[in-house]
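Asks: coords please:
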Amino acid sequence: MVFYFESSVVSPPVLLFMGLDKYENEDLIKWGWPEDVWFHVDKVSSAHVYLRLRPGQTIDDIPSSVLEDAAQLVKANSIMGNKMNDIEVVYTMWHNLKKTPAMEVGQVGFHKEKEVRKIKVAKRVNEIVNRLNRTKREEHPDFRAEREKRDRLEREDKKKVLREQKEREKEEEKRKKEEAELKSYNSLMSTENMSKYDDGNDSDDFM
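Replies: Alright, predicted model coming up:
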């Protein structure tokens, strides 16, 4: 089961989501998308909250208001973190999450620590948490099927772009060829005209 929340601090609203428990978290880690940003309370057990970026967006494009919503949602869904003030929430792109066989269910590390960012949360803001909870809904997605569909569509888009690029290259090649043929034809016509009006007499004397 996955819980979805709508953050309406931007337009259009964005979705934040998290697994029911560590087993759902494990599936989210395994079948995450390259566009997913992962959030977690630093050094304390908490829910794994995700934000899915839109095509073309990067982690630098996330508005501060959305970061605050995600951080408050993570804090509110941490037994220890919810009781504490002045905590830090870490976030990074999904592809930076590191999972090894020795790790417990739902536990993750990072491939590159320098790609992990932090946001400070002074205290719980009930106004934000309550606003997000009013949008909460439960779903039972097939993580693997959704990821495979996403990858298939990406491959199809890449093939389409490649086909269009090849068509443009063919058109450009055809245009250059026609221009070269036209230039050659014009040059030939110019040479023929010179020969036609040349009588072989270099003298200017008409007598």
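
Asks: Identify the residues contacting stretch 95-107?
Replies: Applying C-beta atoms under 8 Å, 6 or more residues apart in numbering, the contact partners of stretch 95-107 are 21-23, 25-26, 29-30, 32, 34, 38, 48, 108-112, 115-116. For every residue, glycine as well, the C-beta is placed using N, CA and C.

Asks: Could you pull out the buried residues of that stretch?
Replies: Of the residues in stretch 95-107, those scored as buried under the neighbour-count criterion (16 or more other C-beta atoms under 10 Å) are Asn96, Leu97, Gly106.

Asks: and the lengthiest helix in the chain, average pLDDT?
Replies: Using DSSP state H to assign secondary structure, the helix with the most residues in the chain is helix 143-196. Throughout helix 143-196, pLDDT has a mean value of 83.

Asks: Run through the neighbouring helices and strands of it.
Replies: On a contact count with 3 or more C-beta pairs under 8 Å, 6 or more residues apart in numbering; DSSP states H and E, helix 143-196 meets helix 22-30.

Asks: Name the residues of the helix it packs on that come out as buried.
Replies: Within helix 22-30, the residues that count as buried by 16+ other C-beta under 10 Å are Glu24, Asn25, Glu26, Asp27, Leu28, Ile29.

Asks: okay, these in CSV with distance to Pro141 and pLDDT next?
Replies: Converted to CSV, these look like this (distance: C-beta to C-beta, whole Å; pLDDT from 0 to 100):
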residue, distance to Pro141, pLDDT
Glu24, 10, 89
Asn25, 14, 90
Glu26, 14, 91
Asp27, 9, 91
Leu28, 10, 93
Ile29, 15, 93
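
Asks: now stretch 155-166, how far from the chain's geometric center?
Replies: 18 Å (C-alpha atoms, centre = their mean, to the nearest Å).

Asks: Stretch 102-121 now?
Replies: For stretch 102-121, the distance between its averaged C-alpha position and the chain's averaged C-alpha position is 20 Å (C-alpha atoms, centre = their mean).
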